[in-house]
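Engineer: kindly return the folded structure for what I paste below:
(4 chains, ligands or ions: 4)
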Amino acid sequence: MHIPDGFLCTQIWTLMWIISIIILAYAIKKTNDRLGEKKVPLMGVLAAFIFAGQMLNVNLVVFGGTSGHILGSVLAAVLLGPYTASIVMACVFIVQALVFQDGGITALGANMFNMGFIGTIGGYYLYSQLSKKIEGRNALLIGAAASAWISVVLASFFCAMEISLSGFSPLGVSVPLMVSVHAFVGLIEAALTFTSLAYIMRVRPDLLKLEKI
Amino acid sequence: MEYVIEASGLGYTYPDGSLALRDINLRVRRNESVCLIGPNGSGKTTLLLHLNGILRPARGKLRVVGLDVNEKNLKLIRSNVGVVFQNPDDQLFMPSVYEDVAFGPLNAGIKGKELEDKVAKALDVVGLEGYGVKSSNHLSFGEKKRVSIATVLSMGPDILVLDEPTLGLDPWIRGDFMELIDELQRTHTVVIASHDLALSELSDSVYLMGDGQLSDRLDEPGLSQIRDSLR
Amino acid sequence: MEYVIEASGLGYTYPDGSLALRDINLRVRRNESVCLIGPNGSGKTTLLLHLNGILRPARGKLRVVGLDVNEKNLKLIRSNVGVVFQNPDDQLFMPSVYEDVAFGPLNAGIKGKELEDKVAKALDVVGLEGYGVKSSNHLSFGEKKRVSIATVLSMGPDILVLDEPTLGLDPWIRGDFMELIDELQRTHTVVIASHDLALSELSDSVYLMGDGQLSDRLDEPGLSQIRDSLR
Amino acid sequence: MEHEFLDKHTRINSFMHRLDSRSKIITLLLLVFIIVLTPIEAIHRFILYFFILLVLFIASRIPPVFALKRFVVLLPFSLLVVLSLPFMGEGGFMLLFNVLVKSSLSLLCMILLISTSSFNDLLAGFEKLKTPRVLIQVVSFMYRYMFVLVDEFYWMKKARDSRAHHMELIDSLRTAGNIIGALFIRSYERGERVYQSMCSRGFTGDIKPIKTSCLTYTDFVYVFFMFIFSSIVSIW
Ligand SMILES: Nc1ncnc2c1ncn2[C@@H]1O[C@H](COP(=O)(O)OP(=O)(O)OP(=O)(O)O)[C@@H](O)[C@H]1O
Ligand SMILES: Nc1ncnc2c1ncn2[C@@H]1O[C@H](COP(=O)(O)OP(=O)(O)OP(=O)(O)O)[C@@H](O)[C@H]1O
Ligand SMILES: [Mg+2]
Ligand SMILES: [Mg+2]
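Structural biologist: Ligands and ions are numbered 1, 2, ... in the order given. Next up, the predicted model:
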């Protein structure tokens, strides 16, 4: 789902860059000076974890714009809070674009938004609502898994829309194609979010109780 | 004569180009105990990692329990060969000590009471009764090393491959361990790599490794010469 | 009398509730060499990790080079105290051995020729000349342990804290290492945790740890009694 | 483990490798934007871009095969556009040509950037270019932990395979879930310890590269030339 350079028209990629920079700048401002010695390593390890997850899963399905990636944005948001997680996701995509050419530089704004911020901010909001509504001990896990699925599907929807609005593929082709593949990929995402969180809950519950920014 | 391990002309080069094994010839008989000694970086670990197919021979031949080490035979070979890694952090991956020790037998289809017994017995042997509920991450180095030995003992393999079994063990438990190994050597084929020369005294055969090569089997005078030079 | 390390009533409990240190009282004079011995899990590593503020006292007091161990003094304390970790994998994180050994001096602002000399000298001392270009991940256990010692030597701290410095070293290099440590102990304050009883013979004072507690300083008869019981 | 895959070609000694990372970051990122903004009809400009990139490539002495392999990342999206061709009528092929040319040229720029500077140099370059500190810090940790993670993963897999012969599907899924969770916790705790050992050796959050590079005449000449070249081509 990492859009390369050249696949978005100028209006779209500049717009997405502007949106992403605003979100990122706000996140940086919000977290500034509130990250203790402990938080930065946790952010780093989460970034690496998500990065590795995305790398190992490349080519899950390579089919018309849909190399099925695991995103991890909801997982990051549940552990760190929406803004800190946004910074983590931004770092992941920056390194992917710079070092592995996975996603382009002009398209970076769009990629950060689709695969990062939708999950960290939208997904987190959804998660906190859902886990309030559901009863019982597993509320947190189920809420996280559900919003992980939704954030993947939404990400693919946005990605398809952006490419179509740029005029490189008709809506009728890109949207059904990408969304249907990611409805499946999202299930894996949900399962992985669920198991990782369950494990963390068991072995280091203190990590789930960090301050969420 | 039945050899359970037969290596001839075995060679291995790591992906970064380090030549770790040159031309290894080694034969181990059933129930023989073998100890490899040699300086850091001489290739002991690399050789041991070949014995259950974690690394595959780049050159030469290797047969374990009469089978060539290849994808097809891997399953069978691994059910016969238990490996304890040198660094215990590499060996433990389950959430609790109990689950780590139970992992092997569980996969072999053992369940219920029998499983519990096996785990309890293995933990008992390494002196860690009651540690089952702890997380393997949250142990001292020596405790981890002991758990990693228990994970292999619980599987009851015929061939035991131990990379520095006494690494990081305190001198109190080390004595018990030497006895345990001595006992295991009576009923198992055991291949050990160790810097602990006292451990090598318990083995039937001792070989000296150096720079990716294996010496001939050391005889008593050769061995005591080495020991004396290091006192 | 000047004490560079003063702990009184020190206690520590890990986040999962393991009580690792109970009530530690320890004083170390400048240029004194101290060796801690004790079974696995007795708290040696936990205690050493307090000495440069990696872990913070949960109970009791700790002063290092006359300073309380707290956020404010951390930088100064760490520039005085060099720690070699028990597991070398925790200590090596740069892409090459050279960069790993250069990391400490570089952070202290040392550059150019002087940096090169320091790194070369430290690698030379641990017997790894020419290993600079290798990746730290691609070494044998003993080689890693040697590099991790070099990373601290290159910083030239006044107080050396060594957690099992001879862990995994081959008996050939181990002799050289004992000499090196003996030499370092003449000019540095050294605190060692070790299962290697021969190493404890080199130290001015030996303490026995058990179950999170520290014994009084062992005297000669007490020490030889322990040694004999373990032979 | 195969860790060098990132820094594989950054130790070559060439004109491009000797440049300060800042000059490379500025010129090559700029070039990407210019390429993407160039109207597709101006084919001669794309030829000139390709030409200059080719010259820089030769000057960098990177093996061409390595660069070619990176082009797989373009595959999935190009496929999407190809699949859309039947629905797009006349202009379809032009659009395909557009995305292929622009994405390939931009890709070349990025390959050039990443394979002529080591990761630490790049980070130092971005830091000097006033990138927010928290981003630099997280990226530098991420880079370090990545290797820890890959190693941990590799060993856990070996450890599992050594002790598991015939696993049921459910069991193997459960184990996979556990391995992922364990991978996270262990890398985290390992990362904590690595971080502690970094702090023990005087780390305060600044990345200090071994050879402190400074801008030289060559850098100025190179940046000046690249600016002139891009301006001329883009108004031509
Ligand atoms: N993953 C790796 N990649 C590249 N080279 C390696 C790797 N592991 C080990 N080596 C090299 O291969 C050689 C043999 O290493 P090996 O680990 O087998 O030594 P060893 O005899 O077990 O040493 P030790 O007593 O220190 O455990 C060494 O020179 C080492 O540097
Ligand atoms: N990260 C951790 N979380 C929880 N408990 C821990 C952790 N590390 C160690 N422990 C526990 O604290 C106690 C002391 O451990 P420590 O590592 O200090 O022992 P040690 O004396 O260094 O042992 P060894 O000789 O095996 O290295 C042990 O019971 C251990 O299980
Ligand atoms: Mg070894
Ligand atoms: Mg210890």
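Engineer: CA atoms for contacts and neighbours, from now on please.
Structural biologist: OK.
Engineer: where does the chain have low pLDDT?
Structural biologist: Chain wasn't specified; assuming chain A. A:33-38, A:55-71, A:136-137 (pLDDT under 70).
Engineer: right idea, wrong chain: chain D
Structural biologist: Counting by pLDDT under 70, chain D has low-confidence residues at D:1-11, D:73, D:76, D:88-91, D:163-178, D:202, D:204-213.
Engineer: quick one: the most centrally placed residue in it and residue D:224, what's the gap?
Structural biologist: Nearest to the mean C-alpha position of chain D, counting by C-alpha atoms, centre = their mean, stands residue D:114 at 5.1 Å. According to C-alpha to C-alpha, to the nearest Å, residue D:114 stands 21 Å off from residue D:224.
Engineer: what of residue A:24?
Structural biologist: Residue A:24 sits 32 Å away from residue D:224, taking C-alpha to C-alpha as the criterion.
Engineer: okay, the two: which has more neighbours?
Structural biologist: Per other C-alpha atoms under 10 Å in any protein chain shown, whichever of residue A:24 and residue D:224 has more neighbours is residue A:24, with 20 against 13.
Engineer: and that one, what helix or strand is that in?
Structural biologist: Following DSSP states H and E, one finds residue A:24 within helix A:10-31.
Engineer: in the helix or strand following that helix, what's buried?
Structural biologist: Beyond helix A:10-31 on the C-terminal side, the first helix or strand identified by DSSP H and E is helix A:39-56. By 16 or more other C-alpha atoms under 10 Å in any protein chain shown, the buried positions in helix A:39-56 come out as A:39-54.
Engineer: kindly report the same for stretch D:221-236.
Structural biologist: By neighbour count on 16+ other C-alpha under 10 Å, the buried set for stretch D:221-236 is D:222-223, D:226, D:230, D:233-234.
Engineer: okay, that stretch in CSV with CA atoms only?
Structural biologist: Taking Å, rounded to 0.1, in the frame of the first residue of the first chain, the C-alpha atoms of stretch D:221-236 are listed here in CSV:
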residue,chain,number,x,y,z
VAL,D,221,30.8,22.8,-6.5
TYR,D,222,28.5,19.7,-6.6
VAL,D,223,25.5,21.5,-5.1
PHE,D,224,26.0,24.6,-7.3
PHE,D,225,26.2,22.4,-10.4
MET,D,226,23.1,20.4,-9.5
PHE,D,227,21.1,23.6,-8.8
ILE,D,228,22.2,25.2,-12.1
PHE,D,229,21.5,22.0,-14.0
SER,D,230,18.0,21.5,-12.5
SER,D,231,17.1,25.2,-13.1
ILE,D,232,18.2,25.1,-16.7
VAL,D,233,16.4,21.8,-17.4
SER,D,234,13.2,22.8,-15.7
ILE,D,235,12.8,26.0,-17.7
TRP,D,236,14.1,24.6,-21.0
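Engineer: which residues does it contact?
Structural biologist: D:23, D:27, D:31, D:34, D:38, D:45, D:48 (C-alpha atoms under 8 Å, 6 or more residues apart in numbering or on different chains).
Engineer: find the residue closest to the last one in space, skipping its chain neighbours.
Structural biologist: Leaving aside its chain neighbours, residue D:48 sits nearest to residue D:233 (7.5 Å; criterion: C-alpha to C-alpha, 6 or more residues apart in numbering or on different chains).
Engineer: confirm that neighbour sits in a strand?
Structural biologist: No. Counting by DSSP: H, G, I helix; E, B strand; the rest coil, residue D:233 is not found in a strand; it is helix.
Engineer: distance of it relative to residue D:38?
Structural biologist: From residue D:233 over to residue D:38 the distance is 10 Å, taken as C-alpha to C-alpha.
Engineer: one more: residue B:143?
Structural biologist: Relative to residue D:38, residue B:143 is positioned 64 Å away (C-alpha to C-alpha).
Engineer: tell me which of the two has more neighbours.
Structural biologist: Between residue B:143 and residue D:38, counted using other C-alpha under 10 Å, the more crowded position is residue B:143 (23 against 16).
Engineer: how far does the host helix or strand of residue D:226 sit from its chain's centre?
Structural biologist: Using DSSP H and E, the secondary-structure element containing residue D:226 is helix D:217-235. Put simply, helix D:217-235 sits 23 Å off its chain's centre (C-alpha atoms, centre = their mean, to the nearest Å).
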